[in-house]
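Engineer: Here's my sequence, what's the structure:
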Amino acid sequence: MMDELTRRQFIGATVGGAAALAGLGKLGSAGAAEADPFKPFPTKIVVRKVYLAKPVPSWPTPKLDVQAEIRKIEGWLAELQKEAPDVEFVGGELLRTSADVPGLKAAVGNPDGVLVFNLTSTVGHLLRAVVDFGFPTIMFSQPYSGHDWSGVAGLQNAGKKVDVLASSDYRDILKGVAVFRTPKRLKETKILHLRNGGASAQYVKDARRNVGPEILSISHQRLVDAYNAIDPKDAEPEADAWIKGALRVVEPTREEIIKSSRLYLAMRSVMREEGARGIAINCLGLFYRGVLPAYPCLGFSRLNSIGRAGMCEADLDSTLTHFMFMYLVGKPGFISDPVIDTATNTVIHAHCVATTKMAGPDGPEDPYIIRSHLEDDKGAVLQVKMRIGQVITAAKLINLDTMLISTGKIIATPQVDRGCRTKITTAVADAQKIMENYTGGLHRVIFYGDHVREIKRLARFMPFKVVEEG
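Structural biologist: The predicted structure is shown next:
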């Protein structure tokens, strides 16, 4: 199956560094890895470092060695940059009085974000001056550094793009970097859309303005032509890799799996030609009409496992949600049809498309069974056995300005031939309330982990609000 990618490789290839990401990965005995068919992002995430300290320290101690503190933090950043090779930390100016601000403003350039470190107390006026530059700003405040974290809420209420990470764990700085990264990478993302009539021109325009990605509608015939141009033998290594990695294969024949793998290669080819990182297809409608030669489900699973996006039913809201989380927390999404069960206070999430890498491209692979699409008993899809006990986030961006979000915990993976193939039962806080207030269409996108706080932080820097469901 796929190469086990390190976090560094994933960020490098998915978020913009120079590391290569294998298109098919290591295929075991079926074949060798090939070069990355997708181009990495060409730009760096530029983060400006700024240090704040009063001229004569008192709190946290009058004996504070300011330069030693800066050297310590620079060491942290050097370590973190190894895990985020797409990030470039620049600057490192020390502001001690208001007289230092004009020089920084003249030199600051055009960073994607400003990372501020308060080394002492009584630097709130300096923080406000930096925030007024207008760049997204996050202050990392260690315990016993200063009390100026207490003024950040007031700045936020005044509409400033600022947040604070108050933590003893310097690795939390990466959460701030992710907030700088996400809007930029969204703007650099291109999504292909296949549906009769194409995407709404107004939606495409608003998505570009409010969220960032470029959406390009293409004809289904272009994908079919790409499929027909691929020799079936070229799809055999991919198909055999799926078969070899499966717990078992139930309904599909090897020939059917080869057809699905061939469609994956076709999707990949068209995406590469367009420089796209995601593809959303009206899979059910086009397959039922006999237009698509196979279901794209295996290809969607593969794309999501390597940090790209393959999204079913041409659902652009869910596609944007997937990319937002991918760039923010490094994990792909599982589009689901929720099923409410108030008797057990649970929500069952079900669909026939699921990635095996819910923990991210560098995480462990969840086991899977190769099945047919349940609604018509055709094609090849994955029944993924997701992790029992795993906390999940369910989310969906609606109206391009509202993120619906909730959390739960996987307590079962139902084995019933009803609904879709991959199913997870999640214990939630209030299933009745989720049902009574449900809005935004059926789909929700499931991610491993509790990411409510990260999404709320991102919302301070992007034009959407967060609504907690249930």
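Engineer: wait, what's in contact with Ala229?
Structural biologist: Contacts were defined as C-beta atoms under 8 Å, 6 or more residues apart in numbering; by that measure Ala229 touches Ala266, Ser269. In short, each C-beta sits where N, CA and C put it, glycine included.
Engineer: Glu468 versus that one, what's the distance?
Structural biologist: The span separating Ala229 from Glu468 equals 47 Å under the rule C-beta to C-beta, to the nearest Å.
Engineer: Same check on Arg208?
Structural biologist: Arg208 sits 27 Å away from Glu468 when distances are taken as C-beta to C-beta.
Engineer: so Phe41 sits in a helix?
Structural biologist: No - per DSSP: H, G, I helix; E, B strand; the rest coil, Phe41 lies outside any helix segment and is coil.
Engineer: pLDDT score for it?
Structural biologist: The predicted local distance difference test score for Phe41 is 91.
Engineer: Next, name the residue at the spatial heart of this protein.
Structural biologist: For the chain, the residue lying nearest the average C-alpha position, counting by C-alpha atoms, centre = their mean, turns out to be Met326 (0.9 Å).
Engineer: isn't that one right up against Ala309?
Structural biologist: Yes - the criterion here is C-beta atoms under 8 Å, and Met326 meets it with Ala309 at 7.3 Å.
Engineer: And stretch 205-215, what's buried?
Structural biologist: Under the neighbour-count criterion of 16 or more other C-beta atoms under 10 Å, stretch 205-215 has Ala207, Val211, Gly212, Pro213, Glu214, Ile215 buried.
Engineer: Repeat that for stretch 344-360.
Structural biologist: Taking 16+ other C-beta under 10 Å as the neighbour-count basis, stretch 344-360 is seen to contain the buried residues 345-360.
Engineer: Just the terminal-to-terminal distance for it.
Structural biologist: End-to-end distance of stretch 344-360: 30 Å, with C-alpha to C-alpha, to the nearest Å as the criterion.
Engineer: what domains does the record give for the chain?
Structural biologist: Listed domain ranges for the chain are 45-183, 188-468 (source: automatic domain parsing).
Engineer: Ile215 and Ile191 touch, don't they?
Structural biologist: Yes - in this structure, Ile215 sits in contact with Ile191. The criterion is C-beta under 8 Å, and the distance is 5.0 Å.
Engineer: In the stretch 51-200 of the chain, what residue spans correspond to helices?
Structural biologist: Taking DSSP state H, counting those that start in this stretch as the criterion, the stretch 51-200 of the chain carries its helices at 66-83, 101-107, 124-131, 152-157, 173-187.
Engineer: so what does the second one touch, helix or strand wise?
Structural biologist: Right, the one you point to is helix 101-107. Helix 101-107 is packed against strand 87-95, helix 124-131, with contacts defined by 3 or more C-beta pairs under 8 Å, 6 or more residues apart in numbering; DSSP states H and E.
Engineer: got the ones you listed as TSV, with distance to Leu104, mean neighbour count and mean pLDDT columns?
Structural biologist: Putting those into TSV (distance: least, C-beta to C-beta, whole Å; neighbours: other C-beta atoms under 10 Å; pLDDT from 0 to 100) gives the following:
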stretch	distance to Leu104	mean neighbour count	mean pLDDT
strand 87-95	5	18	98
helix 124-131	7	20	98
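Engineer: of the ones you listed, which approaches Val428 most closely?
Structural biologist: With C-beta to C-beta as the measure, strand 87-95 is the member of those nearest Val428 (35.7 Å).
Engineer: In its sheet, which strands sit next to the closest one, and in what direction?
Structural biologist: On the basis of DSSP bridges, the sheet neighbours of strand 87-95 come out as strand 45-52 (parallel).
Engineer: okay, the angle between the strand it pairs with and helix 124-131?
Structural biologist: Between strand 45-52 and helix 124-131, the angle comes out at 160 degrees (axes from the mean of the first three to the mean of the last three C-alpha atoms, to 10 degrees).
Engineer: Please identify the buried residues of strand 45-52?
Structural biologist: Residues of strand 45-52 classed as buried under the neighbour-count rule (16+ other C-beta under 10 Å) are Ile45, Val46, Val47, Arg48, Lys49, Val50, Tyr51, Leu52.
Engineer: Just want the angle from it to helix 66-83.
Structural biologist: Between strand 45-52 and helix 66-83, the angle comes out at 160 degrees (the same axes, to 10 degrees).
Engineer: roughly how far is strand 45-52 from the heart of the chain?
Structural biologist: Between the centre of strand 45-52 and the centre of its chain there are 24 Å (C-alpha atoms, centre = their mean, to the nearest Å).
Engineer: Mean confidence (pLDDT) on it, please.
Structural biologist: For strand 45-52, the per-residue pLDDT averages 98.
Engineer: Could you export that strand as PDB, CA atoms only?
Structural biologist: As requested, C-alpha coordinates have been extracted for strand 45-52 and formatted as PDB (Å, rounded to 0.1, in the frame of the first residue of the first chain):
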ATOM      1  CA  ILE A  45       4.500  30.400   4.500                       C
ATOM      2  CA  VAL A  46       6.400  33.600   5.700                       C
ATOM      3  CA  VAL A  47       6.100  34.200   9.400                       C
ATOM      4  CA  ARG A  48       7.600  37.300  11.000                       C
ATOM      5  CA  LYS A  49       9.000  36.900  14.500                       C
ATOM      6  CA  VAL A  50       8.800  39.800  16.900                       C
ATOM      7  CA  TYR A  51       9.900  39.900  20.500                       C
ATOM      8  CA  LEU A  52       8.500  42.200  23.100                       C
END
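Engineer: quick thing: my sequence starts at 45, can you match it?
Structural biologist: In the new numbering, first residue 45, that becomes strand 89-96.
Engineer: circling back to that earlier point, and for Ile259 and Ile235, which residues touch both?
Structural biologist: Among the neighbours of Ile259, those also in contact with Ile235 (C-beta under 8 Å, 6+ apart) are Leu360.
Engineer: Wasn't Cys452 part of a strand?
Structural biologist: Actually, residue 452 is Gly. It isn't Cys. Yes - according to three-state DSSP, the state of Gly452 is that of a strand.
Engineer: That one: what's it in contact with?
Structural biologist: So, once contact is read as C-beta under 8 Å, 6+ apart, Gly452 ends up touching Thr390, Val391, Val435, Ile436, Ala438, Thr470, Ala471, Val472.
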